[in-house]
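Peer 1: Predicted model and sequence follow; I will ask about them next.
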There are 2 protein chains.
Amino acid sequence: MSDIHYPSGVRPISELPRKSEAKKKRNLKIAAGNRGMDFETEINLTNDYYKELGLALFTKRPTPINVVKVDYSHGPKITEAYFEAQSTTDYNGVYKGRYVDFEAKSVHSKTSFPLSNIPKQQIDHLKNVLRLRGVGFFLIRFASLNVVYFLPAQYVISFYEEKPRSSIPLSEIQKNGSLVSMAYRPRYDFLPFVDALLK
Amino acid sequence: MSDIHYPSGVRPISELPRKSEAKKKRNLKIAAGNRGMDFETEINLTNDYYKELGLALFTKRPTPINVVKVDYSHGPKITEAYFEAQSTTDYNGVYKGRYVDFEAKSVHSKTSFPLSNIPKQQIDHLKNVLRLRGVGFFLIRFASLNVVYFLPAQYVISFYEEKPRSSIPLSEIQKNGSLVSMAYRPRYDFLPFVDALLK
């Protein structure tokens, strides 16, 4: 494991996403107005790292797109389509034979995580996952503070359903979650917290 | 469990896919020239059934689409995009806490399953899944015979790598796989075979 810290924005060639991925990223960036996209890239790099080491396999579900028109004159080219909301979480995969499901969110607030960031269908999805003994969690990035927390889905679901407030205070996240260490590789080492949930 | 058999093509309202799903299906049908799409719908209905009963949660990964141009003049509208190959399998999810991953293929041959139906990245993906103690399998439909077989990923991977032939003979599939029973609900009852793999 390297502890070299590259200046922000600089990455060795081996770390660069493949061409088509880079393309996708660029396009998604345009679509989502750049919010939280760097976070997504970092999580994908973390997942690549876990995969290379044979530790875990987590994949990102593609963004669902509703295709309306396709032009077949020069091979299938989509000419009208719309982004749709993910009805599940963004990531899932396998670790030690177990099913793992998580969502990553980046927020600008320095003091709390607004629940409005979580669509109800993600809560429903994670409830089903936990009921079936899968592991579920959130990775929450406070962009302005440059910190990432690991928060078990069970806690988020309870807070969401009891709704004592419309956002989870950072102090509560610190109490019920774990600060994820950041480095060059893996970017965010969240696997130890998955281990803790499995115990 | 109902044993009502609806005439082909007729479904009660409760069974109809939601509007956006129906739309997606229609569009994908256009894109994929109708091949195997009914099979996909039936598997989605099976997964819905398992989910409703709280037995298992399997979701289909959206088709990856490379978005090139987006028009923002009236909200984001994609005006140029291309279908991409899935780099994993189409389905994954959780059963009894375990990670489950599978691919569904429909073929026209009456005698064998051509390996050309399986991209190498799906084999690589399933090898990683098995290495991490996930459960992996294929659902193979012989459309002309109207039968579906459950075939463990381990067997398909071995055949793919040793490649004694460029397609798996039906007789071998019958010997190494299991015939999936078909009914109204669930359409294809493959969960007992997942259970067998877990043991």
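Peer 2: Alright, I've got the coordinates. Numbers count the residues shown, from 1 in each chain, chains lettered A, B, ... in the order given.
Peer 1: What ranges does chain A have for its helices?
Peer 2: Taking DSSP state H as the test, the helices found in chain A are A:19-32, A:37-52, A:120-131, A:153-162, A:170-176, A:191-198.
Peer 1: what mean pLDDT does the fourth one have?
Peer 2: When you say that, I think you mean helix A:153-162. Mean per-residue pLDDT for helix A:153-162: 97.
Peer 1: Can you pull up the most central residue in chain A?
Peer 2: residue A:104 (2.8 Å; CA atoms, centre = their mean).
Peer 1: which residues touch that residue?
Peer 2: A:36, A:39-40, A:43, A:90-91, A:138-141 (CB atoms under 8 Å, 6 or more residues apart in numbering or on different chains). Every C-beta, even on glycine, is put in place using the N, C-alpha and C of the backbone.
Peer 1: The same query, at a cut-off of 6 Å, please.
Peer 2: A:43, A:139 (CB atoms under 6 Å, 6 or more residues apart in numbering or on different chains).
Peer 1: And the pLDDT at residue A:184?
Peer 2: 88.
Peer 1: Would you quantify the distance from it to residue A:43?
Peer 2: 15 Å (CB to CB, to the nearest Å).
Peer 1: Please identify which of the two sits among more neighbours.
Peer 2: Neighbour totals were compared for residue A:184 and residue A:43, and residue A:43 leads with 23 against 16 (other CB atoms under 10 Å in any protein chain shown).
Peer 1: what about the more buried one, distance to residue A:188?
Peer 2: Taken as CB to CB, the span from residue A:43 to residue A:188 is 7 Å.
Peer 1: where does chain A come near chain B, residue by residue?
Peer 2: Residues of chain A lying close to chain B by CB under 6 Å from any CB of the partner chain are A:24, A:27, A:30-31, A:57, A:59, A:61-62, A:64-67, A:70, A:76, A:78, A:81, A:83, A:88, A:94, A:97-99, A:128-129, A:132-134.
Peer 1: The residue nearest to the centre of chain A bridge partners, please.
Peer 2: residue A:139 (DSSP bridges).
Peer 1: so residue A:170 touches residue A:111, yeah?
Peer 2: Yes. Counting by CB atoms under 6 Å, residue A:170 touches residue A:111, with 5.5 Å between them.
Peer 1: Those two - which one has more neighbours?
Peer 2: Using other CB under 10 Å as the criterion, residue A:170 and residue A:111 rank with residue A:170 on top: 20 against 11.
Peer 1: Can you get me a residue count around residue A:165?
Peer 2: 12.
Peer 1: What of residue A:116?
Peer 2: Residue A:116 sits with 8 neighbouring residues when counted by other CB under 10 Å.
Peer 1: for the one 10 residues further on, same thing?
Peer 2: Counted with other CB under 10 Å, residues neighbouring residue A:126 total 26.
Peer 1: Surely it is in contact with residue A:135?
Peer 2: No. Judged on CB under 6 Å, residue A:126 makes no contact with residue A:135 at a distance of 10.2 Å.
Peer 1: ok, now which ones touch residue A:65?
Peer 2: Applying CB under 6 Å, 6+ apart, the residues contacting residue A:65 are A:81, B:65.
Peer 1: Can you tell me how far it is from residue A:123?
Peer 2: For residue A:65 relative to residue A:123 (CB to CB), the value is 23 Å.
Peer 1: List the buried residues in stretch A:112-124.
Peer 2: A:112-113, A:117-118, A:122-123 (16 or more other CB atoms under 10 Å in any protein chain shown).
Peer 1: Apologies, that question was intended for stretch A:128-147.
Peer 2: For stretch A:128-147, using 16+ other CB under 10 Å, the buried residues are A:128-130, A:132, A:134-143, A:147.
Peer 1: what about stretch A:106-122, average pLDDT?
Peer 2: 96.
Peer 1: Let's see it as PDB, backbone CA atoms only.
Peer 2: C-alpha atoms of stretch A:106-122 as PDB (Å, rounded to 0.1, in the frame of the first residue of the first chain):
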ATOM      1  CA  SER A 106     -21.800  14.300  -0.800                       C
ATOM      2  CA  VAL A 107     -23.200  17.400   0.900                       C
ATOM      3  CA  HIS A 108     -22.100  21.000   1.200                       C
ATOM      4  CA  SER A 109     -23.400  21.600   4.700                       C
ATOM      5  CA  LYS A 110     -20.800  21.700   7.500                       C
ATOM      6  CA  THR A 111     -23.100  20.900  10.300                       C
ATOM      7  CA  SER A 112     -25.600  18.200   9.200                       C
ATOM      8  CA  PHE A 113     -26.800  15.800   6.500                       C
ATOM      9  CA  PRO A 114     -30.200  16.800   5.100                       C
ATOM     10  CA  LEU A 115     -32.500  13.800   4.800                       C
ATOM     11  CA  SER A 116     -33.900  15.300   1.600                       C
ATOM     12  CA  ASN A 117     -30.800  13.800   0.000                       C
ATOM     13  CA  ILE A 118     -32.300  10.300   0.400                       C
ATOM     14  CA  PRO A 119     -35.300   9.300  -1.800                       C
ATOM     15  CA  LYS A 120     -37.900   7.200   0.000                       C
ATOM     16  CA  GLN A 121     -37.300   4.300  -2.400                       C
ATOM     17  CA  GLN A 122     -33.700   4.000  -1.200                       C
END
